[in-house]
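> sequence first, then the predicted structure:
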Amino acid sequence: MSDNPTHPASWYAASAQAMPTHPRLEGTQQADVCVLGAGLTGLNAALELAEAGYKVIVLEAERVGWGASGRNGGQVIFGFGCGEGKLETLVGRADARHLFDWSLEGVCMIRERIAKHDIACDWRDGHAHVAIRPRQVAELGHWQRELGEHYDYPLTWWDREQLRASLASDRYLGALYDARSGHLHPLNYTLGLARAAATAGVRICERSTVLRLEHGAKPVLHTAHGNVQCGFVVLAGNALIKGIAPALDRKIMPVGTYVGATPSLGAERARALIGNDMAVADMNWALDYFRLSADHRLLFGGRASYSNLPPPNLRRVMRTRMHRVFPQLRGVDFEYLWGGVIDISRNRAPHWGRLRDNVYFAQGFSGHGVAATGLAGRVISEAIRGQAERLDVFARIRHRDFPGGRALRTPLLVAAMAWFKLRDALW
Ligand SMILES: Cc1cc2nc3c(=O)[nH]c(=O)nc-3n(C[C@H](O)[C@H](O)[C@H](O)COP(=O)(O)OP(=O)(O)OC[C@H]3O[C@@H](n4cnc5c(N)ncnc54)[C@H](O)[C@@H]3O)c2cc1C
């Protein structure tokens, strides 16, 4: 284990595998494909393309996994942030079914990449969506029926007593359990992907912020110390990309979310909380999500913020939320507490496609990207290699701008979130 001061402080950074540094971009370089961003989207695209024989350069403003990919809750879940019902209204039932099946491929890809590239990232099977209110029990029941009948994806319903056998909390009325989803150490997974990409021939440049994208038959990405001329561009900068492609900026709202890690509770006390070691997410709009780490900590995520600043009293609020789920942890505080930014689209559906014939992008994961980013990287690499059928289905999803630009969209989203939080609290 190494504490790496150049990566944002978190339990992930403190427990990361070796983080080799990659030299920054210098001078003029040529590539078949230049990828902006060394998170899960960019690295997955780069790996797929390099394996297909393309010369790929990845430009990363900070370090590999510096964004959401190295900080998230580590929950690997099927589907997309908006749910299947929303996708049916956006692209019809047949294509919604395709999208769902492809999302399962995203989950499988993680298992395959871990095995193929020998990535040590503490994979664990099992995930539960849990209900706090009767309304949510009904929602989970409806979802179970829909997935079973129309998507051939049966999930297991646990009532309160059955759930209580695995999860030592009285807060929940029931759960939908999925043995095929799971959880992992996201920074170590991202670092493992970077290692696999570099082995496949990808050149990764850290500390290489793209300042400008010059469009044309041969696009050029400019950094402070060099530039890359290439055949294709993949924009994978997610919520942090601001300014490179304003048309993409307008489609997403950056929202801060936070994760705390307790000190190690010891194997026995940790297992007494979540006996089957699954990951858990509740059904609230402003949700709690949690799981155990391999060294027996509780990793507890939640709380959203819409400004660039951490919310006031963050530690106290997060601690209160954790104790509401597990009152038996009263007296336990967080040893690490960190945040990151998610890229919410207005309809919470994935926003993937092309800006120009030779400029591709994927964003709008809406807090649901650990598995979907792998699929995004693959689908974009297919399109660059001349098979755009799958990307074209994603590109058919209509997305609207957040109204009012950066200045206004934040207050509007705060108002919307206040309503959803009230709904969480009352019904
Ligand atoms: C706290 C938190 C918890 C989450 N929990 C979960 C979860 O449990 N399950 C789940 O499925 N999803 C979760 N998510 C969402 C998930 O992490 C993201 O959807 C996913 O990691 C997005 O990957 P990405 O590669 O698209 O973006 P990122 O990982 O953000 O990578 C983008 C990269 O681009 C770089 N970049 C940006 N601009 C430039 C530029 N101009 N030049 C060069 N580089 C640039 C950034 O530095 C960054 O490294 C969570 C997110 C957060 C923040």
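Arrived safely. Owing to the predicted nature of the structure, the values given are computational and were not obtained by experimental measurement. Numbering: from 1, shown residues only.
> for the most centrally placed residue in the chain, give its distance to residue 115.
For the chain, the residue nearest the mean C-alpha position is residue 369 (2.9 Å; Cα atoms, centre = their mean). Computed as Cβ to Cβ, to the nearest Å, the residue 369 to residue 115 distance reads 21 Å. (Glycine included, C-beta is placed from N, CA and C.)
> ditto for residue 99
Residue 99 is 25 Å from residue 115, where distance means Cβ to Cβ.
> who has more neighbours, those two?
Neighbours were counted for residue 99 and for residue 115 using other Cβ atoms under 10 Å; residue 99 has more, 23 against 10.
> and residue 420, what's its pLDDT?
On pLDDT, residue 420 comes in at 54.
> tell me if the strand or helix carrying residue 42 is near the ligand.
Using DSSP states H and E, residue 42 sits within helix 40-51. Yes. Helix 40-51 lies within reach of the ligand by Cβ under 6 Å from any ligand atom, at 40-42.
> what do you get for stretch 275-282?
No. Figure legend: stretch 275-282 not in contact with the ligand (Cβ under 6 Å from any ligand atom); closest approach 7.4 Å.
> on that earlier part again, other residues contacting the helix holding residue 42?
32-33, 35-36, 56, 58, 60, 64, 69, 109, 186, 189-190, 193-194, 196-197, 200-202, 204, 234, 236, 238, 362, 369-370, 373-374, 376-378, 380-382, 384-385 (Cβ atoms under 8 Å, 6 or more residues apart in numbering).
> give me the buried subset of those.
Neighbour counting with 16 or more other Cβ atoms under 10 Å marks 32-33, 35-36, 56, 58, 60, 64, 69, 109, 186, 189-190, 193-194, 196-197, 200, 202, 204, 234, 236, 238, 362, 369-370, 373-374, 376-378, 380-382, 384 as buried within the contacts of helix 40-51.
> let me see the domain layout of this protein.
The record's domain parsing of the chain by automatic domain parsing lists 20-123+184-251+346-396, 124-180+252-345.
> using JSON lines, lay out these together with mean pLDDT and distance to residue 10.
As requested, the domains of the chain are exported to JSON lines (pLDDT from 0 to 100; distance: least, Cβ to Cβ, whole Å):
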{"stretch": "domain 20-123+184-251+346-396", "mean pLDDT": "97", "distance to residue 10": "6"}
{"stretch": "domain 124-180+252-345", "mean pLDDT": "95", "distance to residue 10": "4"}
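> got CSV for those domains, with distance to residue 14 too?
Below are the domains of the chain laid out as CSV (distance: least, Cβ to Cβ, whole Å):
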stretch, distance to residue 14
domain 20-123+184-251+346-396, 10
domain 124-180+252-345, 7
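> pick the most deeply packed of the ones you listed.
Each of these was assessed for mean neighbour count using mean count of other Cβ atoms under 10 Å. The highest is domain 20-123+184-251+346-396, with a mean of 21.
> for the stretch 51-200 of the chain, which residue gets nearest to the ligand?
residue 67 (2.4 Å; Cβ to the nearest ligand atom).
> grab the nearest non-local neighbour of that residue.
Nearest non-adjacent residue to residue 67, counting by Cβ to Cβ, 6 or more residues apart in numbering: residue 39, 4.7 Å away.
> please apply the same query to residue 144.
Distances taken as Cβ to Cβ, 6+ apart put residue 155 closest to residue 144, at 5.3 Å, once the chain neighbours are dropped.
> quick check: the one you found vs residue 104, distance?
12 Å.
> do residue 260 as well
Remark: distance between residue 260 and residue 104 (Cβ to Cβ) = 30 Å.
> just checking, what packs against the helix or strand hosting residue 192?
Using DSSP H and E, residue 192 falls within helix 186-199. In this structure, helix 186-199 packs against helix 11-14, helix 40-51, helix 93-116, strand 203-205, with contacts taken as 3 or more Cβ pairs under 8 Å, 6 or more residues apart in numbering; DSSP states H and E.
> close to the ligand: what parts of the stretch 151-300 of the chain are there?
Taking Cβ under 6 Å from any ligand atom as the measure of proximity, the stretch 151-300 of the chain contacts the ligand at 209-210, 236-238, 240-241, 244, 257, 259, 289.
> can I get the residues you listed in JSON lines including secondary structure and distance to residue 169?
Shown next, in JSON lines, are these (DSSP: H, G, I helix; E, B strand; the rest coil; distance: Cβ to Cβ, whole Å):
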{"residue": "209", "secondary structure": "coil", "distance to residue 169": "43"}
{"residue": "210", "secondary structure": "coil", "distance to residue 169": "45"}
{"residue": "236", "secondary structure": "coil", "distance to residue 169": "37"}
{"residue": "237", "secondary structure": "coil", "distance to residue 169": "37"}
{"residue": "238", "secondary structure": "helix", "distance to residue 169": "32"}
{"residue": "240", "secondary structure": "helix", "distance to residue 169": "34"}
{"residue": "241", "secondary structure": "coil", "distance to residue 169": "38"}
{"residue": "244", "secondary structure": "coil", "distance to residue 169": "43"}
{"residue": "257", "secondary structure": "strand", "distance to residue 169": "21"}
{"residue": "259", "secondary structure": "strand", "distance to residue 169": "18"}
{"residue": "289", "secondary structure": "strand", "distance to residue 169": "13"}
